[in-house]
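**Q** Sharing a sequence plus its predicted fold:
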Amino acid sequence: MMYRVYAFILRFFKEVFVPPYEFKEVLRQCYEVGVRSFTLISLTGFIVGVIFTKQSRPSLTEFGATSWLPSLVSIAIMRALAPLVTALIAAGKVGSSIGAELGSMRVTEQIDAMEVSGTKPFKFLVCTRVIATTITIPILATYTAFIALLGGYLNVSQNEGTSYSAFMEQVFEPLTFIDFYASLIKSLVFGFTIGIVGCYQGYNSTKGTEGVGKAANGAVVTAMFIVFIEEVLIVQMAGWFR
């Protein structure tokens, strides 16, 4: 199985740089991954910002450090919560969708028909989806971060009366370029992982309709598990440069 996964990833890197390039399909997949997840991402990001701020306030109040709340929120959201929450939501929504869609095409022999007709199903179905998730997840993660900070600001403003300019000044003060770079790298790696796992599970699906369900379930569970491992590794590597 490890060899099949390795061969699948290697095949992706071999074919992604070779023409023809399916730009229209990449744009369509970016729309499916990004725009169709926009509402869910917005709601989740806002709730994360509000809840984290609300839960952190009592602990800081005990030490008389309520003024540190914007800095604490910004560090937590930019370093960890925004990329991770976005990746987990995308793994559940996008990963399962990719796995089920490709799995359905495999068991109904649509992929086999594409191969017989002379087209390149791997490039059209796999490469486009992996590129789309790799591009779109960082954009969604950045958007999630700002929406979460907006939720944090509304909570802080309601309780402490902090102005927007003062809040934003405290938000960006503790952050460094390493935080932004690490967050961007996380999002890129998470996006690639979600795309490649979903495509692998769906593209290699078997056993009819039962295989479609297993492909969708396997795409979600495996992607989430790998995302957590990557989170730990990237956080550890980023810590070496701080």
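**A** Yep, that arrived. Residues are numbered from 1 along each chain as shown.

**Q** so where's this protein uncertain?
**A** Within the chain, the stretches with pLDDT under 70 are 242.

**Q** Tell me which residue of it is furthest from the middle?
**A** What lies farthest from the middle of the chain is residue 64; by Cα atoms, centre = their mean that is 36.1 Å.

**Q** Need phi/psi at it.
**A** With angles defined as degrees, to the nearest 10, residue 64 sits at phi 70, psi 30.

**Q** For the most centrally placed residue in the chain, give me its contacts.
**A** Most central in the chain under Cα atoms, centre = their mean is residue 87, positioned 2.8 Å from the mean C-alpha point. Applying Cβ atoms under 8 Å, 6 or more residues apart in numbering to residue 87 gives the contacts 137, 141, 186-187, 190-191, 193-194, 227. Heads up, the C-betas are built off the backbone N, CA and C, glycines and all.

**Q** again, only this time at 7 Å
**A** Residues near residue 87 by Cβ atoms under 7 Å, 6 or more residues apart in numbering: 137, 190, 194, 227.

**Q** Residue 60 and residue 69 touch, don't they?
**A** Yes: with contact defined as Cβ atoms under 7 Å, residue 60 reaches residue 69; the gap is 5.8 Å.

**Q** So for the two, which sits in the more crowded spot?
**A** Per other Cβ atoms under 10 Å, whichever of residue 60 and residue 69 has more neighbours is residue 69, with 24 against 14.

**Q** distance of the more buried one from residue 229?
**A** 31 Å (Cβ to Cβ, to the nearest Å).

**Q** and if you look at residue 35?
**A** Look at residue 35 and residue 229: by Cβ to Cβ, they are 29 Å apart.

**Q** coming back round to it: could I get the contacts of residue 87 as TSV with distance to residue 179?
**A** Shown next, in TSV, are those (distance: Cβ to Cβ, whole Å):
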residue	distance to residue 179
137	18
190	16
194	22
227	19
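
**Q** packing partners for the helix or strand that contains residue 51?
**A** Using DSSP states H and E, residue 51 falls within helix 38-62. If contacts are counted by 3 or more Cβ pairs under 7 Å, 6 or more residues apart in numbering; DSSP states H and E, helix 38-62 sits against helix 69-76, helix 82-90, helix 128-160.

**Q** Give me the buried positions along the longest one.
**A** It refers to helix 128-160. Going by neighbour count (16 or more other Cβ atoms under 10 Å), the buried part of helix 128-160 is 128-138, 140-145, 147-156.

**Q** could you give the angle of it to helix 69-76?
**A** If you take axes from the mean of the first three to the mean of the last three Cα atoms, to 10 degrees, helix 128-160 sits at 170 degrees to helix 69-76.

**Q** Which other helices and strands does the helix or strand containing residue 238 contact?
**A** Assigned by DSSP H and E, residue 238 belongs to helix 208-240. With contacts taken as 3+ Cβ pairs under 7 Å, 6+ apart, helix 208-240 sits against helix 82-90, helix 96-107, helix 177-203.

**Q** Just the angle for the longest one relative to helix 208-240, thanks.
**A** Looking back up the chat, that one is helix 177-203. Using the same axes, to 10 degrees: helix 177-203 against helix 208-240 is 160 degrees.
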